[in-house]
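**Student:** Sequence and predicted model, in that order:
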Amino acid sequence: MKATTGFSRNTIVDGVLFLLLLGIMVFAFGELFEIAETFADKIQEIVLPSAGLPLVPVLIVTGLLASGAFAAGWFASTRLGQGMLSRAERIGGSWVPGH
């Protein structure tokens, strides 16, 4: 019975942490999207002033976010990025679900 209670409690805590991190990521990407959309509107005004389509800023924002993700992934594969990642895992790995 004690093992079942511990399993249930750990599962609930892991689920709450996962949902919290997921919510933070969704919020952060929403904020990044809004910021990037402001820049995309300015870029559209300069580069494509005649394109009045609302899809153009969305495409620019998507490209900016994809480029940022690519740059972050590239940085994570460098020696400095790997060192920062291992340090972060040592510091916070004990309370992150799945570690």
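**Tutor:** Perfect, I can see it now.
**Student:** hey, let's count contacts and neighbours off CA atoms from now on
**Tutor:** Will do.
**Student:** Name the helix or strand for Met25, please.
**Tutor:** According to DSSP states H and E, Met25 maps onto helix 2-47.
**Student:** swap in Gly73?
**Tutor:** helix 55-76.
**Student:** Tell me the helices and strands packed up against that helix.
**Tutor:** Here helix 55-76 touches helix 2-47, helix 79-92, going by 3 or more CA pairs under 8 Å, 6 or more residues apart in numbering; DSSP states H and E.
**Student:** Now do the first one against helix 55-76: the angle between them, please.
**Tutor:** In other words, helix 2-47. 120 degrees (axes from the mean of the first three to the mean of the last three CA atoms, to 10 degrees).
**Student:** now swap in the shortest one and tell me
**Tutor:** Inter-element angle recorded for helix 79-92 and helix 55-76: 80 degrees (by the same axes, to 10 degrees).
**Student:** tell me, what residue is most central in the protein?
**Tutor:** Met25 (4.9 Å; CA atoms, centre = their mean).
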